[in-house]
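[1] Sequence first, predicted coordinates after that:
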Amino acid sequence: MLNKNFLLKNIHHMLALGFGSGLNKKAPGTLGTLVAIPFFLIINKIGILFQLLFVVVIFILGIWSSNVTSKSLKQKDPSCIVIDEIAAFLLLLVLINPNFYQLIYLFILFRIFDIWKPYPISWLEEKYSGGFGIMIDDIAAALMALIIYLISDYVL
């Protein structure tokens, strides 16, 4: 069921599956996170308010498309849905505007928190369902990565 035909069935699947990156069997979340980078490179020369608005639009579209796609797949939070990683990592990139080394560090921090899901990320994942539930825990992972980044940047 989860193949190119499913991806192309409607725009919701296309968005939720990160334009196909979610079809990767081994590490869809990691690949989905990387999809945020080209988006960032496209919007990073535009003002910060537009960048934040872009992230908000991606987040809202992510809620909608994740909800539709998870219902189609009859799963609560399928790993193939990666719009949550895209939106969350894009937010992190917009807030930091990193150089190459910072980008790698942010990527590692975000993936750690997204996979590990310490409190309050795990609480959000359990409390909320549907598209919002799929999206919000990744935003929390991005914010936790941001906090650790800022602390380490201050200390170092």
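    Noted; the coordinates are in hand.

[2] Remind me which helix or strand Leu53 belongs to.
    In the assignment (DSSP states H and E), Leu53 maps to helix 48-73.

[3] What number of residues are in the vicinity of Glu85?
    Each residue near Glu85 was counted by other Cβ atoms under 10 Å, and the total is 29. The way it works is simple: take the backbone N, C-alpha and C, and place the C-beta from them, glycine included.

[4] can you check Asn3 too?
    Asn3 has 9 neighbours, counted by other Cβ under 10 Å.

[5] how far away is it from Leu17?
    10 Å (Cβ to Cβ, to the nearest Å).

[6] if you skip the residues just before and after it, what's nearest to Leu92?
    Ala142 (4.5 Å; Cβ to Cβ, 6 or more residues apart in numbering).

[7] thought that neighbour was touching Ile96?
    No. Here Ala142 does not reach Ile96: they are 10.4 Å apart, not a contact under Cβ atoms under 8 Å.

[8] More neighbours: those two, which one.
    For Ala142 versus Ile96, neighbours defined as other Cβ under 10 Å are more numerous around Ala142 (29 against 17).

[9] Could I get the contacting residues of that one?
    Neighbour list for Ala142: 88-89, 91-92, 110, 113 [criterion: Cβ atoms under 8 Å, 6 or more residues apart in numbering].

[10] Compare those residues and tell me which has the most neighbours.
    Highest neighbour count within the contacts of Ala142: Ala88, with 30 neighbours (other Cβ under 10 Å).

[11] between the contacts of Ala142, which is nearest Met135?
    The closest of the contacts of Ala142 to Met135 turns out to be Ala88 (Cβ to Cβ; 7.9 Å).

[12] Hmm, that closest one is touching Met144, no?
    No. Between Ala88 and Met144 there is no contact under Cβ under 8 Å: 10.4 Å.

[13] Residues contacting the lowest-mean-pLDDT helix or strand in the chain, please?
    Within the chain, no helix or strand scores below helix 4-9, which has a mean of 86 by mean pLDDT, DSSP states H and E. Here helix 4-9 makes contact (Cβ under 8 Å, 6+ apart) with 13-14, 17, 20, 23, 72.
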